[in-house]
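Enquirer: Need coordinates for the below:
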Amino acid sequence: MKILLVASTQLEIEPFIKLNNNIDILICGVGIPSTVYQLTKKLLQEKYDLVIQAGIAGSFSKKIKNGDVIAVEQDVFGDIGVEEDKKFKTIFDFGFEDENKYPFKKGWLINTSEILQASHLKKVKAVTINKINDRKRQTKQLKEIFNAEVESMEGAAFHFVCLQQNISFIQVRSISNSVGERDKTKWKLKDAIENLNRELIKLVDLINKP
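Expert: Just a heads-up that it's a prediction; the model follows:
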């Protein structure tokens, strides 16, 4: 099976890179635009059986703690829309786009691949945003509107491209911090990266198992 591993930064998957010689690596850069461009370009150049996205994320849920590794079952663009009177509405709420026009299902980008279902990792809902900050109002809005459990800056872009290209994929994230917490002394970045790469190795072994 030909696999492509995607990450926004090399730091997040450095331990895996040092151990791996058989899987192609793509460092897309941080954020939605670079993920869409770099991943689309790569998938048009080469054919893959599976694409894995790996990276750190923030958690909204007290049930998902720093250092936990999860798999994202469905993701959504959390800040494409209109904010008026301190209320946010998506482009689907306004009728600018059909929430069920492929690759969306009720506004979500859902992974139904066999690889995801075979993984032992906890499956969660995620939201993807362009701007990370410490505004309590933004955190509250995202929780209330999307009821997501984790947050990243690339996940929905990854789902969007893979669904459009009709390729099997899985997004794996390790939690480094609570959403909205900008005090880095409270983050568990080192633990998150170590745990992420440990689970990546397990996942690739599962996929390549005869």
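Enquirer: pLDDT weak spots in this protein?
Expert: Within the chain, the stretches with pLDDT under 70 are 133-135, 183, 210.
Enquirer: Kindly recompute the last result at 90.
Expert: 1, 19-22, 61-62, 82-88, 93-95, 117-118, 130-144, 177-188, 205-210 (pLDDT under 90).
Enquirer: in the helix or strand hosting residue 157, what counts as buried?
Expert: Assessed by DSSP states H and E, residue 157 sits inside helix 155-164. For helix 155-164, burial by neighbour count (16 or more other C-beta atoms under 10 Å) applies to 155, 156, 157, 158, 159, 160, 161, 162, 163. Heads up, the C-betas are built off the backbone N, CA and C, glycines and all.
Enquirer: Next SSE downstream of it?
Expert: strand 168-178.
Enquirer: so what strands line up beside that following strand?
Expert: strand 50-59 (parallel), strand 69-77 (antiparallel) (DSSP bridges).
Enquirer: can you give me the angle the shortest one makes with helix 155-164?
Expert: Angle, strand 69-77 to helix 155-164, by axes from the mean of the first three to the mean of the last three C-alpha atoms, to 10 degrees: 80 degrees.
Enquirer: Tell me the first helix or strand C-terminal of strand 69-77.
Expert: Later in the chain than strand 69-77, the nearest helix or strand by DSSP H and E is strand 81-84.
Enquirer: mind checking how far that following strand is from the chain centre?
Expert: 23 Å (C-alpha atoms, centre = their mean, to the nearest Å).
Enquirer: try stretch 148-165
Expert: 5 Å.
Enquirer: first vs last residue of it, how far apart are they?
Expert: 25 Å (C-alpha to C-alpha, to the nearest Å).
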